[in-house]
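[1] quick one, structure for this:
(one chain, ligands or ions: 1)
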Amino acid sequence: MIDHFAQRLAAWQTLHGRHDLPWQHKGAYATWISEIMLQQTQVQVVIPYFQKFMQDFPTVNDLAKSSLDSVLSHWAGLGYYSRARNLHKAANIVVNQYNGDIPKDLNSLIQLPGIGRSTAGAILSLGFGIRGVIQDGNVRRVLSRLFCIDGDLSKADAQKTLWKLADELTPQSGNDARTHTQAMMDLGSLICRRNSPACPRCPFSDDCLALQRGEVSQFPKPKRVKQRPDETWVVLQVINEHNETLLMQRPMSGIWGGLFTPPIGSSLSEIGKRLEIRDVLDANYQGELTHAFSHFKVRLEHYRLKIHSNDILSLGEWHLLSVFQKGVPAPIQKLLLNKDVL
Ligand code: SF4
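    So this is what the prediction gives:
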């Protein structure tokens, strides 16, 4: 094990770490929201979303009593909407089962939807100032380089090794654990970056196995991700006699779950058949854009059709887009507002 790891890391964090993130020192609720938003999303992207979210849902009670639609609309643009659905569900559990107090122990926290062991560790340490161990992407990368941990880090044996190391390196006392957690995140994010790590500025450059072996670029081993082939989706904006657009809520599970979109399908004819629109082929092409999901890209083709609301199977809701408040996926918003569309 590296000598005085936690003390050296804390000393580095005090001088060089981040001290002005908007969720720091704001308690367990703010830590929880920020940790969920930061999964799969960069800090700079998260900050404005976090600030708006905290302004509109300042406590777990406010979040629990808000509608899911309102939470989803605050999430539009962040992607991975199951995170927002789980947050809303978990907030209701905290209010109903824990009287609005976020639980302070690992076992209760990981029972809440969307909270895994690492997020729970962050809430305990950063939020409550009690001991909690984390193992997010930053920590995994740092540990895999420091100790040359080989193989796919998401596999069970590597996970076991990583958790053991993370646990051994985390100090026992609560306040030190708070600094330690922030420091591990900062080291991964500011110094031991995925590309071009700043090894000369790293407090562990004398201890790092990967650096000693000249193999930094080989850790962590890239995960093999199965790519889905690219797809084309037709987005049909149907507008009625009152200038309202037909919007349909997507199923809760799956892509853009719970958000509202115009009818989407593989072709105009397929949508026409499903919604019993006779003149669907009269729709006018408006433009298109490409959107990348994590494992595949989709080309969104936007068509517009004006019809009478009686001439379509009523499976959705008619809304004026200018006053619609519920969540619409960001690329669909872009299409409907015709912003930056080809
Ligand atoms: S020496 Fe370089 S590779 Fe090793 S932990 Fe520090 S920044 Fe990462």
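[2] for the protein, longest helix please?
    Ranked by number of residues, the top helix in the chain under DSSP state H is helix 82-98.
[3] contact residues of this protein facing the ligand?
    By Cβ under 6 Å from any ligand atom, the part of the chain that sits against the ligand consists of 142, 145-146, 191-192, 197, 199, 202, 204-205, 208, 210-211, 216. All C-beta spots, glycine's among them, are computed from the backbone N, C-alpha and C.
[4] where does Asn61 sit: helix, strand or coil?
    Under DSSP: H, G, I helix; E, B strand; the rest coil, Asn61 falls in the helix class.
[5] just list the residues touching the closest residue to it other than its chain neighbours, thanks.
    Distance criterion Cβ to Cβ, 6 or more residues apart in numbering; nearest residue to Asn61, sequence neighbours excluded, is Gly100 at 5.2 Å. If a contact means Cβ atoms under 8 Å, 6 or more residues apart in numbering, then Gly100 has 59-61, 64, 94 as its contacts.
[6] equivalent analysis for Gly316, please.
    Gly316 neighbours (Cβ under 8 Å, 6+ apart): 246-249, 263.
[7] now with 6 Å, please.
    Listed by Cβ atoms under 6 Å, 6 or more residues apart in numbering, the contact set of Gly316 reads 246-248.
[8] ok, back up a step: in which helix or strand would I find the residue nearest to Asn61?
    Element membership for Gly100, per DSSP states H and E: none, as it lies in no helix or strand.
[9] and the contacts of Gly316, which of them are in helices?
    Short answer: these have none in helices (DSSP H).
[10] PyMOL command to pick out the buried ones of those?
    Buried members of the contacts of Gly316, defined by 16 or more other Cβ atoms under 10 Å, are picked up in PyMOL with:
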select buried, resi 246+247
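[11] could you point out which residue ranges in this structure have low pLDDT?
    174-175, 339-342 (pLDDT under 70).
[12] can you pull the domain assignment for it?
    Here the domain assignment for the chain is 5-218, 231-337, based on automatic domain parsing.
[13] let's have these in a markdown table, adding distance to Arg224.
    Converted to a markdown table, the domains of the chain look like this (distance: least, Cβ to Cβ, whole Å):
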| stretch | distance to Arg224 |
| --- | --- |
| domain 5-218 | 8 |
| domain 231-337 | 12 |
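[14] give the buried residues for the one helix or strand Pro48 maps to.
    Pro48 is part of helix 43-56 when elements are defined by DSSP H and E. Judged by neighbour count (16+ other Cβ under 10 Å), helix 43-56 contains these buried residues: 43, 46, 49-50, 53-54.
[15] any idea which of the residues you listed is closest to the ligand?
    Distance to the ligand, by Cβ to the nearest ligand atom, is smallest for Val43 among those, at 18.5 Å.
[16] of the residues of the chain next to the ligand, keep whichever come out buried.
    Buried members of these, scored by 16+ other Cβ under 10 Å, are 142, 145-146, 191-192, 197, 202, 204, 208, 210-211, 216.
[17] counting only helices, which of those make the cut?
    Short answer: those in helices (DSSP H) are 142, 145-146, 210-211.
[18] farthest pair within those?
    Farthest pair in those (Cβ to Cβ) is Val142 and Leu211. Separation: 11.9 Å.
[19] show me where the stretch 151-300 of the chain has its strands.
    Per DSSP state E, counting those that start in this stretch, the stretch 151-300 of the chain carries strands over the ranges 231-239, 245-249, 260-261, 264-265, 284-292, 297-306.
[20] so which of those strands gets nearest His319?
    Nearest of the strands of the stretch 151-300 of the chain to His319, taken as Cβ to Cβ: strand 245-249 at 5.4 Å.
[21] can you give me how far the closest one is from the chain middle?
    Here strand 245-249 shows a centroid-to-chain-centroid distance of 25 Å under the convention Cα atoms, centre = their mean, to the nearest Å.
[22] tilt between that strand and strand 231-239?
    Angle, strand 245-249 to strand 231-239, by axes from the mean of the first three to the mean of the last three Cα atoms, to 10 degrees: 130 degrees.
[23] from the contact counts, what lies against strand 245-249?
    Using 3 or more Cβ pairs under 6 Å, 6 or more residues apart in numbering; DSSP states H and E, the elements in contact with strand 245-249 are strand 231-239, strand 317-319.
[24] could you dump those strands to CSV with distance to Ala330 and mean neighbour count?
    What follows is these, written out as CSV (distance: least, Cβ to Cβ, whole Å; neighbours: other Cβ atoms under 10 Å):
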stretch, distance to Ala330, mean neighbour count
strand 231-239, 13, 19
strand 317-319, 18, 16
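[25] could the ones you listed be laid out in TSV, adding distance to Ser294?
    Putting the helices and strands packed on strand 245-249 into TSV (distance: least, Cβ to Cβ, whole Å) gives the following:
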stretch	distance to Ser294
strand 231-239	14
strand 317-319	29
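[26] of the ones you listed, which is nearest Arg278?
    Among the helices and strands packed on strand 245-249, strand 231-239 comes nearest to Arg278, with 12.5 Å by Cβ to Cβ.
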